[in-house]
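Student: missing the sequence, but the structure's below:
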């Protein structure tokens, strides 16, 4: 029963991929991030190379994994508290970069944080999220005016402003907004809701991987909210993902946002599980 650590994306996909494929919903972030790195290169999320790991049980089968693209949170699959704590010890004692953010099922995330902070300090909750999976799609009725269309390079200037505003609204550093936007535009992963030729809302979607597509980056400028644009757009993107063959269409909501947590169930999304993101101040690691 042991962890294997790596900076090799291909090795991670080979070793952990079959395990991740057993739960494309619960493992959505690791699947999509690994695929994005495979396509976009090791610097897809920043200058520090991603780190990967997988844990094998007594039967030799992979039963847990993590993926970390600094400076973003280290993402954990569901795992026991002991396995999460062992990972924290291994990363602390390995002399690599210091972890200051972890995300995953709450029990595992807290076990990781507690072991990392064994010399003192406290982890704070940065966000609580709920993962939803599309059941039977229920488009909004009546639909608002407008149509959905694929964003193009001609929309980049407007979209960059929206990406920065979106990342700030959810409490994330917007530094990587341009990189994320360009990657989405390059693969046609950004969709707009347009009224009389004017974009009024946006939504992104990951590329299909493991039969899974995840919708995210849903944003409507404040002055245009409350008109049903985001609801209609998410329904359109969801339908397109289903039509393209995605067996699992997923999205996350912030549990602190009652609007989105009421909206998506009305469209046919079903709750899967909750996750927490924890953060703490980094400090020199002692032996």
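Tutor: Thanks, I have it. None of the values given here were measured: they were computed from a predicted structure.

Student: in contact with residue 214, which residues are there?
Tutor: 28, 29, 32, 205, 206, 249, 250, 251, 252 (C-beta atoms under 8 Å, 6 or more residues apart in numbering). From N, CA and C alone the C-beta is placed, and that goes for glycine too.

Student: distance check, the first one against residue 152.
Tutor: In this structure, residue 28 lies at 27 Å from residue 152, with C-beta to C-beta, to the nearest Å as the measure.

Student: higher neighbour count, the two?
Tutor: residue 28 (25 against 12; other C-beta atoms under 10 Å).

Student: per-residue confidence at that one?
Tutor: Note for residue 28: predicted pLDDT of 96.

Student: point out where this protein drops to low pLDDT.
Tutor: By pLDDT under 70, the low-scoring segments of the chain are 283-287.

Student: quick one, strands of it?
Tutor: Remark: strands assigned in the chain by DSSP state E are 2-6, 51-56, 62-68, 74-76, 101-104, 124-134, 147-150, 190-195, 198-205, 212-219, 248-254, 269-279.

Student: rewinding a little: and which of the contacts of residue 214 is nearest residue 234?
Tutor: residue 251 (7.5 Å; C-beta to C-beta).

Student: hey, where'd the helices end up in the stretch 1-150 of the chain?
Tutor: 9-21, 28-40, 81-93, 106-116 (DSSP state H, counting those that start in this stretch).

Student: for residue 69, which non-adjacent residue is spatially closest?
Tutor: Spatial nearest neighbour of residue 69, chain neighbours left out: residue 45 (3.8 Å); criterion: C-beta to C-beta, 6 or more residues apart in numbering.

Student: what about the one you found, distance to residue 275?
Tutor: Distance from residue 45 to residue 275, by C-beta to C-beta: 19 Å.

Student: before we move on, back to that, looking at the helices of the stretch 1-150 of the chain, spot the one closest to residue 172.
Tutor: Residue 172 sits nearest to helix 28-40 of all the helices of the stretch 1-150 of the chain, at 14.3 Å, using C-beta to C-beta.
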